[in-house]
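*Asks:* Quick one, what's the 3D model for this:
(one chain, ligands or ions: 1)
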Amino acid sequence: MEIIHVSAECYPMAKVGGLADVVGALPRYQQQIGHTAKVVMPMYRTKFLFDNDWDVVHKENFSMGKMNFDYTIIKERHNKLGFDLYCVDINGLLDREKVYGYDDDAERFCAFQIAVTEWINKWEHLPDVVHVHDYHAGLIPFMMKQCFAYGKLKKIATILTIHNAQYQGWMGWEKAAYIPVWDTWNWGLLDWDNTVNPLACAIRCADNVNTVSPSYMLELMDNANGLENLFKKENAKCSGIINGIDYSVWNPSTDTYILDNFSVEDVEDGKALNKKKLCDDFDLQQNLPLFVFIGRLVGEKAADLLPEALSNALSMYKGQFNVLILGSGEPSIEHALYSLQSKFAGYYNTQITYNEKLSHLMYAGADFLLMPSRVEPCGLNQLYAMRYGTVPIVRRTGGLRDTVKDIDEENGYGLCFDYASLYDIDISIQRALELYKNTNKMMEIRKCMMDVDNSWPASAQQYINLYNSVK
Ligand code: ADP
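*Replies:* Alright, predicted model coming up:
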């Protein structure tokens, strides 16, 4: 089967969050089980772009409303990722340093999607499946079915994976004029609440829809940033497939980003050396349990609760634990987390930045990973933490509910709580401090969680089954 994934992110070309990790891994695992999987994404000006060799495979132009754009499709020459990676270059629109966050993001992602659809429309052998990820590619199933110029694409199966339903790409109706001539009788497919909603449109138009965990799909029917009724209505074609993790990148025995490699046999020694490096670098206490948080500092991750929760706990259980934070996001949260540093020097440190290498070292050297998320479609951090023998402390939501078993359950290895509240975080920190004192139990659960199989092959096959069900 030939599959083309369309995404705004793909690791290592461009990563903001878990979307990149998934799109950077799933196609490789699909290749390994005998399919042809390709990725097409925007050409941003990232390090990966400049460090690699590219061939131009296609050059054309298209109009978007009254504007005209030249576009170029380039392909990474050496198949470094284990699949064909294509990037769309549209001068002035996509070739920027950041992935998101520009005033003209609506124009950028519309242009990207039109270029991709135009290009696929030129292929002699069409793909079997166009697999779009999140709202940035959400207009493609609509365009393939409703735009007169793309009639030959109508029969191709389209799949939407929702990595995060909070972001929907809302646009004013005037921007519908960007879409190449389409059957206006079907305007309702684009509309949600008097705006063009690319995510809602994709949910309606894709042949099948999945989220990245079964629990998140259930939760979306009650809480989907306005799309609850749509999820209820389209429920029959919706399912959840849990993400795998890429063991070629996230493997403590081969990871080149960490100080000391380890496996389940020497996890205690390996973690101790990585922890020492973290404690030396960030002025923390090696002999105390180390709690870390890694992620976007936004309300979805309940990062707004952390300053108060940590300040309370660091005062209450003074000298009993360390915290290291790595993240960036909302300035008020960044500031509040940063300002704890002087108050709790020696026990608390914060890195307000994005740092892939440091994140690996933190998964390897920490004892506990905090994830009090309000919303967590799948969550990869807890899976990485488990792989590196770090106990996840998670709120029971979305993928966290599906992947973390509390230590009070049989073969449990995590600490789970129900509410994104200061109280629940506090109780969990207390439970963690108790657990840490029980060295044997800590050793036992580290081994247990490192043995949990969260690899990609099973999930990659589930996607193939999904494609087959709609082909
Ligand atoms: P989301 O996609 O909602 O941000 P996920 O848990 O699915 O959350 O994926 C987050 C990914 O981004 C993980 O690979 C995590 O290690 C990484 N990450 C998040 N913030 C940072 C950061 N500041 N520095 C390094 N890696 C980060």
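*Asks:* ok now do residue 380, which residues does it touch?
*Replies:* If a contact means CB atoms under 8 Å, 6 or more residues apart in numbering, then residue 380 has 18, 21, 243, 245 as its contacts. The C-beta positions use only the backbone N, C-alpha and C, and glycine is treated the same way.
*Asks:* next one: residue 422
*Replies:* With contacts defined as CB under 8 Å, 6+ apart, residue 422 is in contact with 305, 308, 309, 312.
*Asks:* What about these, which are in helices?
*Replies:* Counted as lying in helices by DSSP state H, out of the contacts of residue 422, are 308, 309, 312.
*Asks:* Check the gap between the residue nearest to residue 418 when sequence neighbours are not counted and residue 419 for me.
*Replies:* When the adjacent residues along the chain are set aside, residue 418 lies closest to residue 396, with 5.6 Å between them (CB to CB, 6 or more residues apart in numbering). Applying CB to CB, to the nearest Å, one obtains 9 Å for the distance of residue 396 from residue 419.
*Asks:* cool, residue 3 as well?
*Replies:* Residue 3 sits 40 Å away from residue 419 when distances are taken as CB to CB.
*Asks:* Settle it for me: which of those two has more neighbours?
*Replies:* Neighbour count, other CB atoms under 10 Å: between residue 3 and residue 419, residue 3 has more, with 24 against 14.
*Asks:* about what we covered before: which among the ones in helices among the contacts of residue 422 end up buried?
*Replies:* Neighbour-count burial (16 or more other CB atoms under 10 Å) is assigned, among the ones in helices among the contacts of residue 422, to residue 309.
*Asks:* could you redo the ones in helices among the contacts of residue 422 as JSON lines and give each row pLDDT and distance to residue 111?
*Replies:* Formatted as JSON lines, these follow (pLDDT from 0 to 100; distance: CB to CB, whole Å):
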{"residue": "308", "pLDDT": "98", "distance to residue 111": "43"}
{"residue": "309", "pLDDT": "98", "distance to residue 111": "42"}
{"residue": "312", "pLDDT": "98", "distance to residue 111": "48"}
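*Asks:* which of the ones in helices among the contacts of residue 422 lies closest to residue 25?
*Replies:* residue 309 (32.5 Å; CB to CB).
*Asks:* Tell me if I'm right that the closest one and residue 426 touch.
*Replies:* Yes - here residue 309 lies in contact with residue 426, judged by CB atoms under 8 Å, at a distance of 6.6 Å.
*Asks:* quick one on the thing from earlier: let's see the pLDDT reported for the residue nearest to residue 418.
*Replies:* According to the per-residue confidence, residue 396 scores 98 in pLDDT.
*Asks:* do the one 10 residues further on as well
*Replies:* In the predicted model, residue 406 carries a pLDDT score of 98.
*Asks:* and the residue lying closest to it once chain neighbours are set aside, how many residues sit next to it?
*Replies:* Computed as CB to CB, 6+ apart, the closest residue to residue 406 that is not its neighbour in sequence is residue 416, at 4.3 Å. If you count neighbours by other CB under 10 Å, residue 416 ends up with 22.
*Asks:* What of residue 132?
*Replies:* 27.
*Asks:* same thing with the one 5 residues further on?
*Replies:* Counted with other CB under 10 Å, the neighbours of residue 137 add up to 28.
*Asks:* Show me what the nearest residue to it once chain neighbours are set aside bridges to in the sheet.
*Replies:* In space, not counting the residues next to it along the chain, residue 137 is nearest to residue 6; the distance is 4.1 Å by CB to CB, 6+ apart. Residue 6 has these beta-bridge partners by DSSP bridges: residue 40, residue 132.
*Asks:* mind listing what's buried in the host helix or strand of residue 229?
*Replies:* Residue 229 is part of helix 228-233, with elements assigned from DSSP states H and E. The neighbour-count check on helix 228-233 (16+ other CB under 10 Å) flags 230, 231 as buried.
*Asks:* cool, and stretch 79-92?
*Replies:* Applying a neighbour-count criterion of 16+ other CB under 10 Å, one finds 81, 82, 83, 84, 85, 86, 87, 88, 89, 90 buried in stretch 79-92.
*Asks:* out of those residues, who's nearest the ligand?
*Replies:* Among the buried residues of stretch 79-92, residue 81 lies closest to the ligand (CB to the nearest ligand atom), at 16.1 Å.
*Asks:* which residues touch residue 360?
*Replies:* With contacts defined as CB under 8 Å, 6+ apart, residue 360 is in contact with 250, 255, 257, 258.
*Asks:* Is the closest residue to it other than its chain neighbours in a helix, a strand, or coil?
*Replies:* Distances taken as CB to CB, 6+ apart place residue 257 nearest to residue 360, at 3.7 Å, with adjacent residues excluded. Using DSSP: H, G, I helix; E, B strand; the rest coil, the structure places residue 257 in coil.
*Asks:* and the stretch 201-350 of the chain, which residues reach the ligand?
*Replies:* 294, 295, 296, 326, 327, 328 (CB under 6 Å from any ligand atom).
*Asks:* so which of those residues is the most crowded?
*Replies:* Neighbour counts for those were taken using other CB under 10 Å; the highest belongs to residue 295, with 25 neighbours.
*Asks:* chain center to the helix or strand containing that residue, what's the gap?
*Replies:* In this structure, residue 295 sits in strand 290-297 according to DSSP H and E. Mean C-alpha position of strand 290-297 versus that of the full chain (CA atoms, centre = their mean, to the nearest Å) differs by 15 Å.
*Asks:* Please apply the same query to stretch 100-119.
*Replies:* Centroid separation for stretch 100-119 versus its chain: 20 Å, with CA atoms, centre = their mean.
*Asks:* buried residues in that stretch?
*Replies:* 105-119.
*Asks:* Which of those fall within helices?
*Replies:* Assigned to helices by DSSP H, the following of those qualify: 105-119.
*Asks:* how about the closest residue to residue 401 other than its chain neighbours, what does it touch?
*Replies:* For residue 401, the nearest residue in space outside its immediate sequence neighbours is residue 215; the separation is 4.5 Å by CB to CB, 6+ apart. When contacts are counted by CB under 8 Å, 6+ apart, residue 215 is found next to 240, 397, 398, 399, 401, 402.
*Asks:* rewinding a little: check which strands are paired with the strand holding residue 295 and give the direction for each one.
*Replies:* For strand 290-297, the paired strands and their directions (DSSP bridges) read strand 322-329 (parallel), strand 368-371 (parallel).
*Asks:* residues making contact with it?
*Replies:* Residues contacting strand 290-297 (CB under 8 Å, 6+ apart): 17, 275, 278-279, 284, 301, 303, 306, 321-330, 333-334, 337, 352, 359, 362-363, 365-371, 381, 390, 393, 429, 432.
*Asks:* ok so, going back, got a pLDDT number for the residue nearest to residue 137?
*Replies:* At residue 6, the model reports a pLDDT of 98.
*Asks:* From residue 136, how far off is it?
*Replies:* 8 Å.
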